[in-house]
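J.: with the sequence up front, the predicted model follows.
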Amino acid sequence: MKIVVGLGNPGSKYEKTRHNVGAMVADGLVDSAGERWKVHKKSGAEVAEVRLGGQSVLVAKPRVYMNESGRQIGPLAKFYSVAPADLIVVHDELDIDFGLVRLKRGGGEGGHNGLRSISQAIGTRDYLRVRMGIGRPPGRQDPADFVLKPFPSADRAEVELMIRNGCDAIELLVSQDLQSAQNTVHAW
């Protein structure tokens, strides 16, 4: 089994923020499959089982703040005996232009506390990542403030397209190898 983790912060205050784009993709996967979220008792994360690329995939959202994501994802991966190679983490990425989706395995966390928390919890950085481009903050705006602001309403159509592309990228990662999925997604 593969686990897809959509990173974000809990609560309506953060629901539409840039930092929650990973959770938005997770919601998109679950909604399009007609499934519902439930709380996994051993980890505390929200989970839903969906079919992607002919396979059963567990979609998860931590119910803790971003910097504590590993606290729930580590036990979830352990419960399902999911190897890091079968863990797909969807997250916001400042260093990618707004609207672009990029795939990779492993690497650094680039100051992303959610990734750092997951890496510490599972003992490796070698897991798949769906990097959702949110771009850099304008001017001298603090990146921490930028990621916690909602997407502007003028960007709504682009955000919806990015979410759909993120969902499609995950389906490719589930059904193909990383390089094949990258070749397709990075051409979008």
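T.: That came through, no problem.

J.: same question for the lengthiest helix in the chain: list its buried residues.
T.: Longest helix of the chain, by residue count under DSSP state H: helix 156-175. Using 16 or more other Cβ atoms under 10 Å as the test for burial, helix 156-175 gives 159, 162-163, 165-174. (Each C-beta comes from the backbone N, C-alpha and C, glycine too.)

J.: can you list contacts of it?
T.: By Cβ atoms under 8 Å, 6 or more residues apart in numbering, the list of residues contacting helix 156-175 from outside reads 2, 4, 21, 24-25, 28-29, 32, 52-55, 57, 88, 90, 98-101, 103, 128, 130, 132-133, 151, 180-181, 184-185, 188.

J.: what mean pLDDT does that helix have?
T.: Here helix 156-175 scores 92 as its mean pLDDT.

J.: swap in stretch 4-11?
T.: 92.

J.: can you report phi and psi for residue 20?
T.: Main-chain dihedrals, residue 20, degrees, to the nearest 10: phi -100, psi 10.

J.: tell me the phi and psi of the most centrally placed residue in the chain?
T.: Nearest to the geometric centre of the chain sits residue 90, at 1.7 Å (Cα atoms, centre = their mean). For residue 90, the backbone dihedrals (degrees, to the nearest 10) come out as phi -100, psi 130.

J.: equivalent analysis for the one 3 residues further on, please.
T.: In terms of degrees, to the nearest 10, the main-chain angles of residue 93 are phi -140, psi 110.

J.: all set, thanks.
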